[in-house]
Structures are given as C-alpha cells and as structure tokens.
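**Student:** Sequence first, then the predicted structure:
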There are 2 protein chains.
Amino acid sequence: MASLTVENYLKAILQLAAATNSEWISTGQLATSLSVAPGTVTSMLKTLSESGLAAYKPYEGVCLTKAGRTLALRVLRRHRLLELFLVKTLSLTWDQVHAEAENMEHSVSDMLIERIDEYLGRPETDPHGDPIPSADGLMRGNATAAVPLSTCQALSKVRIVRVLNQQPDFLRYLSETGLEPGATALVELNSMEGGLISAKVGRKTVSLGHQAAEQLLVETVPQ
Amino acid sequence: MASLTVENYLKAILQLAAATNSEWISTGQLATSLSVAPGTVTSMLKTLSESGLAAYKPYEGVCLTKAGRTLALRVLRRHRLLELFLVKTLSLTWDQVHAEAENMEHSVSDMLIERIDEYLGRPETDPHGDPIPSADGLMRGNATAAVPLSTCQALSKVRIVRVLNQQPDFLRYLSETGLEPGATALVELNSMEGGLISAKVGRKTVSLGHQAAEQLLVETVPQ
DNA sequence: CAAATAGTTTTGACTGGTCAAAAAAACGAG
DNA sequence: CTCGTTTTTTTGACCAGTCAAAACTATTTG
Ligand SMILES: [Mn+2]
Ligand SMILES: [Mn+2]
Ligand SMILES: [Mn+2]
Ligand SMILES: [Mn+2]
C-alpha cells in the first residue's frame, strides 16, 4: 500500500527518533539521513501528514502517528528479519546484509516474513544486536540494561550485545578482532586520559578509542 | 540501473517471444501481459528503443537488442533462482513463489543471486521446470526434447519436466494429483474423441483434459 | 477496392518524487 | 533588541510512469 518512498521516510523518522531520544525530528535531519534536498522532505512531510501517518508542524518538525509508527515498525521488522535470514542461510556477513535488506524490505510479503520468522525460531535481535519488532507491532528488548563499552571499568567482564555504528568498515574491523554480539571480553584498562580502552577477547587483547567503544553496547557478566 | 518498470517490460518481451516463437512482439500483447494501457506501452517502447534495449518499429512491434536480451535474462535468472530458493529454504509451495519472486527480482544484488545459486548447487531449472538462465547470460536447457503430455500414446512411460500454465489453482491441482516435475507417470489412455488422457501416477489414476495436458511437458522414460 | 473493424499512436492530463534557487522564518550573538 | 546566520518553506521546473479518449494505420471483408 505505502510506497517504497513512504516506507523509507517512516523508517528514517522512527530510527532518528530512537537515536536522538526525541519524538520530533527536524526536516534537516531527515534530509541528511535520506540524502535528499530539504524541500523534498518538506513536501513529503505534508503528504505523510495528509495520509495520517505523521504529524507535521511547519518549522518544528515531524512526529509519527500511531499508524505511522506501526507501519515503520513493520518495515523495520522486515529489514531485521531479512538481515538475520541472509546471515543464517547464505552466510552473508553482517557488514553486507544491511544494504541488501534496505532494498528487499519493500518487496517481501507478510506471509514470507512470517515464514522467515518461524524458520529462524522467532529471534529477538538481528545480526547487529538490534531488536526485531514483534509481529503485533511492538518494539521489544528495550528492557535489557546494556551500556556502552566505553563506560566499563577495568576488570569487568562483559558480553557484547549490540553495535550502534554499522559502517561496513567498522563491522569488518570488529569481526577481525572478535568483538561481535555474543562474544565476551574482559576489560583490562579504561583510560580517560588516553581516551582508549583495552579488553581481552579470546586470547588476544584489543584496544579501541572511546569513540569506537561508545558504539559497542555490552552487558556485564557476573564473574 | 534499469528501473523496475523497464525490467518488467524487458522480461515480458522475452517471455512473450519465447511463448510465441517470434522475436517481434506487438504493443497489444505487451499491454495485455503487463495489464497496462496500449498507449503506455507505446511510450515505453520508445524509451527502450532510445536506451538501446529494444528495437521498435511503429505499428510492427518490438524486439529485444543484444543488451536488452541480456538484461531480460538476468531478471529472469533472478526470478527463477528466487523461486527455487524460497521453495527450498522456506518450503513455500510452487503456486506461491511466483508472486513473491515477481517483486523480489528487482531488489536483490548480483552478489546475493550468486550466493543463492551456489547454495542451491547451480540448479538448471526452477520449481516449475523452467530453465534458469546462466550467469553468463545464456538460456540453457532448451536442448531437452520435452513434449506435451497430450501427445503421448497409451502405455508410454513419461517423466514430467515442466509446467507451462502456472496459474496457482492449476498448480495446486497438480500437487494434489502428484503431477509435479520429477514425477513419472504411465499413460493408460489417450482418447482423441473423448479429449482426455489418463495416466497412473503412483498408485492413483488421474484424468486430464487435453487442454490441461498440453500444459504439461514430459520426456519419455525408457521402460 | 472500399468500408468497416481492429490495433496503434498521439494528445493532453495527472501523480509521485525529486531538485535548485528564491523567499521566509527562526535563532543566536553581540 | 537587532543584524546576520542557519534552517525551513515556497516556487517553478523536471522526469518516469500512467490513463482516457481522439486520431491515425492497417487489416478484413463484403
Ligand atoms: Mn529501504
Ligand atoms: Mn541490523
Ligand atoms: Mn517483476
Ligand atoms: Mn517459475
């Protein structure tokens, strides 16, 4: 029903809102995120508003309605299930699946998504640790108390649960060093002054800048 | 590069040409096949012609160029590999996969298709027995001497290799009766006058009208 | 062969999505 | 507050894809 374009706008609004902890998103943020001219966004926001998918206040920004949020979550669900499916069945790597899912998310039926969900055993997170919205339109898994690796003290034992920066280069670097969701690491050093953090992963010790370590969400593991 | 619409037109031209054994396809045929107004087709044919994908002669019709044929075959390859992949991994039925692949065929990368091809073991035919164009742009498998079931004499033993009519209802009927590609059948009766043909499939005998039997391509099996 | 019919192209219009550049509004120092 | 900067909206234009209906060709058929 909703066009590919509308789906992309709604998903972008949802994700920007999540990333910035604020319901309202500005025209400019959307334009940047979608690589589109600001005027283009303005006109699309009017369209979304007219179709009841978003509330638009000129010069203030946009906010999803119930219906818009539901649709956005459905697209996000398709996206994340597809990512996991491609990793599981075809061994694509986690740095490849995003681009692939970005296109496919608009062209698979609900029936197919249900089959994929079933096949994967109703997973809760995608390959990047991002939560998969449930079939009934809820965003799950925001309960877990994950914190950025950059905030972890030396000697704490942690498990990586989510990666926020999903640039392919960064993801490949993480794969090389073993810092993937599910892996556990022992923090050996966290130096404010040096701006870096070292952790033992497997038998190797890897060091990351704070900037990078902020992008890794971990949960602490009882020793 | 080529839009979804262009891909659909090219694929339709290719398949109409195959179905009618003639390079040239009329505006009207395309309009029917794509469920679009004739005038719409005319203007798209000019576009295809300008981009070097097809040769268009007003009032005569259209014919794919080398480039157009290559692109059409790539789309068809994606379509058929996707169909088989969905059947194999998610147990979709052969009457469901066409609709699904019709949309997905435009949104999967060459890399993904290569992975699927590898995963499936470089298959030569899709779930309907249609040949899968090769990665280097050739239509394979036109060598086999398959004939319509309707032409088979009584007492001949045949293997079903391809189904031409792919209406979901028809396909489901075939599944019920076991007349799927790969299955063998023993022709018990082929009556011109009665206009029907009976064959033993497994332990059951099934009868088909000639119209339906024409849609089943078979190869004879040495007794 | 001419008239009727069938098929095709043209015309004019519309929608959805986009951009560049001009105009307007909001913001933030001083 | 007021001027200059940033952000947003408006304007006018464009492209792809589509339709309905009129105009035109081609093909039948009497
Ligand atoms: Mn997308
Ligand atoms: Mn993801
Ligand atoms: Mn298609
Ligand atoms: Mn098929």
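**Tutor:** Alright, I've got the coordinates. Residues are numbered from 1 along each chain as shown, chains lettered A, B, ... in the order given. Ligands and ions are numbered 1, 2, ... in the order given.

**Student:** Please, where are all the helices along chain A?
**Tutor:** Using DSSP state H, the helices found in chain A span residues A:4-20, A:27-34, A:38-50, A:66-90, A:97-104, A:110-119, A:168-177, A:210-213.

**Student:** With mean neighbour count and distance to A:L149 as new columns, can the ones you listed be given to me in a markdown table?
**Tutor:** Every C-beta, even on glycine, is put in place using the N, C-alpha and C of the backbone. Listed next are the helices of chain A as a markdown table, based on neighbours: other CB atoms under 10 Å in any protein chain shown; distance: least, CB to CB, whole Å:
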| stretch | mean neighbour count | distance to A:L149 |
| --- | --- | --- |
| helix A:4-20 | 19 | 18 |
| helix A:27-34 | 17 | 25 |
| helix A:38-50 | 16 | 34 |
| helix A:66-90 | 21 | 22 |
| helix A:97-104 | 20 | 21 |
| helix A:110-119 | 17 | 30 |
| helix A:168-177 | 15 | 11 |
| helix A:210-213 | 18 | 4 |
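
**Student:** The ones you listed into JSON lines, with extra columns for distance to DNA strand D and mean pLDDT?
**Tutor:** Putting the helices of chain A into JSON lines (distance: least, CB to the nearest atom of the strand, whole Å; pLDDT from 0 to 100) gives the following:
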{"stretch": "helix A:4-20", "distance to DNA strand D": "12", "mean pLDDT": "97"}
{"stretch": "helix A:27-34", "distance to DNA strand D": "2", "mean pLDDT": "98"}
{"stretch": "helix A:38-50", "distance to DNA strand D": "3", "mean pLDDT": "98"}
{"stretch": "helix A:66-90", "distance to DNA strand D": "17", "mean pLDDT": "98"}
{"stretch": "helix A:97-104", "distance to DNA strand D": "16", "mean pLDDT": "98"}
{"stretch": "helix A:110-119", "distance to DNA strand D": "23", "mean pLDDT": "98"}
{"stretch": "helix A:168-177", "distance to DNA strand D": "26", "mean pLDDT": "96"}
{"stretch": "helix A:210-213", "distance to DNA strand D": "22", "mean pLDDT": "94"}
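
**Student:** Quick check: A:T65 touching A:S51?
**Tutor:** No. Between A:T65 and A:S51 there is no contact under CB atoms under 8 Å: 9.6 Å.

**Student:** if we can go back for a sec, the helices of chain A: which one's closest to B:H106?
**Tutor:** With CB to CB as the criterion, B:H106 lies closest to helix A:97-104 of those, at 8.3 Å.

**Student:** what residues does that closest one touch?
**Tutor:** With contacts defined as CB atoms under 8 Å, 6 or more residues apart in numbering or on different chains, helix A:97-104 is touched by A:78-80, A:82-84, A:86-87, A:92, A:127-128, A:166, A:168, B:104, B:107-109, B:112.

**Student:** Tell me how chain A divides into domains.
**Tutor:** When chain A is parsed with automatic domain parsing, its domains come out as A:4-64, A:76-141, A:147-220.

**Student:** Just the residues contacting stretch A:153-166, thanks.
**Tutor:** Around stretch A:153-166, the neighbours that count as contacts under CB under 8 Å, 6+ apart are A:95, A:98, A:125, A:128-130, A:144, A:146, A:149, A:152, A:170-171, A:174, A:179-190, A:199, A:212, A:214-223.

**Student:** so does it get close to ligand 2?
**Tutor:** No. Residues of stretch A:153-166 are not located near ligand 2 by CB under 5 Å from the ion, the shortest gap being 6.4 Å.

**Student:** middle-most residue in chain A, spatially?
**Tutor:** For chain A, the residue nearest the mean C-alpha position is A:D130 (4.9 Å; CA atoms, centre = their mean).
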